[in-house]
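>>> Need coordinates for the below:
(one chain, ligands or ions: 2)
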Amino acid sequence: MPAYKRILLKLSGEALMGDDAYGINRSTIVRMVREVQEVTQLGCEVAVVIGGGNIFRGVAGGSVGMDRATADYMGMLATVMNSLALADTMRQEGMTARVMSAIAIEQVVEPYVRPKALQYLEEGKVVVFAAGTGNPFFTTDTAAALRGAEIGAQIVLKATKVDGVYTADPKKDPAATRYTQISFDEAISKNLQVMDATAFALCRDQKLPIKVFSIFKPGALKRVVQGEDEGTLVHV
Ligand SMILES: Nc1ncnc2c1ncn2[C@@H]1O[C@H](COP(=O)(O)OP(=O)(O)O)[C@@H](O)[C@H]1O
Ligand SMILES: O=c1ccn([C@@H]2O[C@H](COP(=O)(O)OP(=O)(O)O)[C@@H](O)[C@H]2O)c(=O)[nH]1
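Numbering: from 1, shown residues only. Ligands and ions are numbered 1, 2, ... in the order given. The predicted model follows:
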């Protein structure tokens, strides 16, 4: 039995690169999809938000000196590519996925319509929310918090490059230690950068817990969904 009936899973775009310099690494995306499949088989309804760092990093050089909003729209388009790749990989693995975009690109992907998303989830389809929030100056973490609240997810799961929330950025400070759990207020006041403050604040206000865990650790997603001790819980 899953501990949650409906989850919003945020997948790091950058993690899709695997060991490549940019883009989508085939075996990495397949592995991620199989992990998602495992939790759908537990009976958990899954919505996904994926980042764009893997593609956007490849073009970021060209965005130097660019208008911030324009660069952000490029970032959002990168998440559309990742979403399409993810949904297609799900199709190849025998799952049914639907991509819904916050930005209208009607020939490519259907628009985000909340009741439709809810319907898909009830039908057991995986819904992939593309183009973030549709607004510049936001992140896909904030999109995950927003969509998570909209669909009534019981938790936002942030699958990222580190295995939880640390006292400081573990990639910079080897002495940093991991929290098993931490309150939103503490995470915000300590300015912990694992998620942006907008995403933290939105989840705090909606009383929507977040679990931060490693996207690289096999079986971690399933363990999280089964309510086992894994990663860091951020709670009210
Ligand atoms: N206190 C912290 N605890 C954990 N990770 C942190 C912390 N501060 C900064 N980070 C960094 O945040 C990164 C995850 O956030 P982010 O850049 O949004 O990744 P993604 O969106 O690709 O999952 C980690 O790779 C880690 O290096
Ligand atoms: O609501 C949103 C979501 C994303 N973005 C842009 O899209 C990029 C890609 O998303 P993100 O960096 O969150 O991806 P990840 O870190 O997970 O790879 C961001 O840097 C922003 O430029 C945005 O402007 N608004």
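>>> Near Leu221, how many other residues are there?
27 (other C-beta atoms under 10 Å). All C-beta spots, glycine's among them, are computed from the backbone N, C-alpha and C.
>>> Am I right that it sits in a helix?
Yes: under DSSP: H, G, I helix; E, B strand; the rest coil, Leu221 sits within a helix.
>>> From Ala85, how far out is it?
Distance, Leu221 to Ala85, by C-beta to C-beta, to the nearest Å: 18 Å.
>>> If the residue nearest to Thr180 when sequence neighbours are not counted is in a bridge, with which residues?
In space, and not counting its chain neighbours, Thr180 is closest to Thr232: 6.5 Å by C-beta to C-beta, 6 or more residues apart in numbering. Residues in a beta bridge with Thr232, per DSSP bridges, are Val212.
>>> Distance check, Thr232 against Gly61.
33 Å.
>>> out of those two, which sits in the busier spot?
With neighbours defined as other C-beta under 10 Å, Thr232 and Gly61 compare such that Thr232 has more, 23 against 7.
>>> The more buried one contacts Lys211, doesn't it?
Yes: Thr232 is in contact with Lys211 according to C-beta atoms under 8 Å; the separation is 7.1 Å.
>>> Nearest residue to Ala104 in space, ignoring adjacent ones along the chain?
Residue nearest to Ala104 in three dimensions, not counting chain neighbours: Pro111, with 5.6 Å by C-beta to C-beta, 6+ apart.
>>> Check the one you found and give its pLDDT.
For Pro111, the pLDDT comes out at 98.
>>> Relative to Ala149, how far out is it?
Distance, Pro111 to Ala149, by C-beta to C-beta: 19 Å.
>>> Compare the two (neighbour count), which wins?
Each of Pro111 and Ala149 has its neighbours counted (other C-beta under 10 Å); Ala149 has more, 17 against 14.
>>> give me the element the more buried one is part of.
Using DSSP states H and E, Ala149 sits within helix 140-150.
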